[in-house]
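Visitor: Provided below for reference: sequence and predicted model.
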Amino acid sequence: MERHWSDYCGLSLVHFLAFPECGTGEGEILKTIESIAFDPFFSGIEISRINDAGTRKRVAQLVEQTRCNVDFGVHPVILGNKLNLNSLDSNERNQACKSLEPYIDQAAELGAKRFVLLSGPDPGEAQRAEAVKVLAESLRCLCESAQARGLSVVLETFDRTVEKKALIGPAEEAAALAAALQVDFPSFGLLYDHAHGVLLDETPLAALSILKNHLVHVHVGNCVKVPGRASYGDSHPRFGFPGSENDIPQLTEFLCALLTMGYLEKDRPLHKRRNVGFEVKPQPGESSAAILANIKRAWTDAWTQLRFSHAEHLKPSHSALAEDRELYSGALGSGA
């Protein structure tokens, strides 16, 4: 490999999945965040609620001292409390927005720049259009609050039929929603997760090309798509988990797609360099330490396998990707 990945991107970790015992806002939060902030492999961390004010202060100091980029994911709050930002019941919807407001304050206190969330459940085809409309209203409310605190709101797309069964959802619908919101809130963006794309039956380059103008972050991870197998659904097992969908070849393909559509771009200024986040969770009988070792080795292997020959199978679908050959051969070298 001619260029290190740090020439193209930074790497972050979803802390509350890698250390699921911290997802409630309790546990050894400071110690586990230290283990990531002190690790030069990672330049960023994605954290969630921290209930203790003293711990929040110490974490804020830690990430500032270590120059660690911070995103705040409010997923454990939404899923744990079954909050529905696209409920057709206005009282339920307004309560969901109100419940998330304090976490915008937490995110700002922790030095985060982005407030990441997910939509509520998909109500079905007959009510889907109305649900998207009211979701947009909820997101506008949250964008106003976040903007006042110096944060941008990011919506992560999830599966619609397997486990989370979220409204958003397929790439085309996510892109349309983002385009509408960005008229008033240009900093609003989307997060695309490789494993969620698999559960949506989306292929990486096709989905990423649709989302290109709205994409601000991506996750890499794994899933189990076949019912009845261990860890079925959106459980984010390690790469190569038995019966799962993603291992080093699929991770390599996803990285090729990110390069092809321009998400990863060499020699960006550091303050504009994009991150790739790992969303991986220990399964029963596994440790967080083992998971961290797995993702580091999987990433390193996938990056070293990037070659121009792999790009030939991706078949870009629009003219903006016409310079794929130059991108791959020039940036990564055409030799085996």
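Guide: Thanks, I have the structure now. Numbering: from 1, shown residues only.
Visitor: quick one: average confidence on stretch 77-97?
Guide: Throughout stretch 77-97, pLDDT has a mean value of 98.
Visitor: same question, stretch 121-136
Guide: The predicted model gives stretch 121-136 an average pLDDT of 98.
Visitor: what comes up buried for it?
Guide: Buried residues in stretch 121-136, defined by neighbour count with 16 or more other Cβ atoms under 10 Å: 121, 122, 128, 131, 132, 134, 135, 136. All C-beta atoms are positioned from the backbone trio N, CA, C, and that covers glycine.
Visitor: could you dump that stretch to CSV, C-alpha only?
Guide: What follows is stretch 121-136 as a C-alpha-only set of coordinates in CSV (Å, rounded to 0.1, in the frame of the first residue of the first chain):
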residue,chain,number,x,y,z
PRO,A,121,-40.6,2.9,13.4
ASP,A,122,-42.0,2.7,9.9
PRO,A,123,-45.8,2.8,10.2
GLY,A,124,-46.3,1.0,6.9
GLU,A,125,-46.8,2.1,3.3
ALA,A,126,-50.2,3.7,3.8
GLN,A,127,-49.0,6.1,6.5
ARG,A,128,-45.3,6.4,5.4
ALA,A,129,-45.6,9.8,3.6
GLU,A,130,-47.3,11.4,6.6
ALA,A,131,-44.7,9.9,8.9
VAL,A,132,-41.9,11.4,6.8
LYS,A,133,-43.6,14.8,6.9
VAL,A,134,-43.9,14.9,10.7
LEU,A,135,-40.4,13.5,11.1
ALA,A,136,-39.1,16.5,9.1
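Visitor: Now do that stretch: everything it contacts.
Guide: Under the criterion Cβ atoms under 8 Å, 6 or more residues apart in numbering, residues 84-88, 90, 93, 119-120, 160, 164-169, 173, 177, 180-181 lie in contact with stretch 121-136.
Visitor: Is it possible to mark the buried ones in the residues you listed?
Guide: Using 16+ other Cβ under 10 Å, the buried members of those are 84-87, 93, 119-120, 160, 164, 166-169, 173, 177, 180-181.
Visitor: residues near residue 151, how many?
Guide: By other Cβ atoms under 10 Å, 22 other residues sit near residue 151.
Visitor: how about the helices of the stretch 201-336 of the chain, start to end?
Guide: Using DSSP state H, counting those that start in this stretch, the helices of the stretch 201-336 of the chain run over 204-211, 248-260, 288-304, 308-311, 324-332.
Visitor: Then the stretch 51-200 of the chain?
Guide: In the stretch 51-200 of the chain, the helices defined using DSSP H, counting those that start in this stretch lie at 53-65, 75-80, 90-109, 125-148, 171-182, 194-199.
Visitor: Out of these, which is the most enclosed?
Guide: For those, average neighbour numbers computed from mean count of other Cβ atoms under 10 Å are highest in helix 194-199, which has a mean of 26.
Visitor: for that one, what is the average pLDDT?
Guide: Averaged across helix 194-199, pLDDT comes to 97.
Visitor: what's the answer for stretch 234-241, then?
Guide: Across stretch 234-241, the average pLDDT comes to 97.
Visitor: Mind listing what's buried along it?
Guide: Neighbour-count burial for stretch 234-241, counted by 16+ other Cβ under 10 Å, picks out 234, 235, 236, 237, 238, 239, 241.
Visitor: burial count for the closest residue in space to the fifth one that isn't next to it in sequence?
Guide: Distance criterion Cβ to Cβ, 6 or more residues apart in numbering; nearest residue to residue 238, sequence neighbours excluded, is residue 294 at 4.3 Å. Burial of residue 294, expressed as a neighbour count using other Cβ under 10 Å, amounts to 20.
Visitor: try residue 219
Guide: Residue 219 has 24 neighbours, counted by other Cβ under 10 Å.
Visitor: Bridge partners for it, pull those for me.
Guide: residue 193, residue 277 (DSSP bridges).
Visitor: And it, how far from residue 156?
Guide: Separation of residue 219 from residue 156 (Cβ to Cβ, to the nearest Å): 8 Å.
Visitor: residues shared between the contacts of the two?
Guide: 191, 192, 193, 196.
Visitor: Quick check: the first one touching residue 217?
Guide: Yes - between residue 191 and residue 217 a contact is recorded at 4.5 Å, counting by Cβ atoms under 8 Å.
Visitor: Looking at those two now, which is surrounded by more residues?
Guide: Using other Cβ under 10 Å, the more surrounded residue of residue 191 and residue 217 is residue 191, with 26 against 22.
Visitor: For the more buried one, give me its contacts.
Guide: Neighbour list for residue 191: 116, 154, 155, 156, 157, 215, 216, 217, 218, 219 [criterion: Cβ under 8 Å, 6+ apart].
Visitor: Which one of those is nearest to residue 204?
Guide: Residue 204 has its nearest neighbour among those in residue 218, at 9.8 Å by Cβ to Cβ.
Visitor: That closest one and residue 193 touch, don't they?
Guide: Yes - judged on Cβ under 8 Å, residue 218 makes contact with residue 193 at a distance of 7.2 Å.
Visitor: Compare the two (neighbour count), which wins?
Guide: More neighbours surround residue 218 than the other of residue 218 and residue 193, with 27 against 24 (other Cβ under 10 Å).
Visitor: what about the closest residue to that one other than its chain neighbours, distance to residue 199?
Guide: Sequence neighbours aside, residue 192 is the residue nearest to residue 218 in space, at 5.2 Å (criterion: Cβ to Cβ, 6+ apart). With the distance defined as Cβ to Cβ, residue 192 ends up 12 Å from residue 199.
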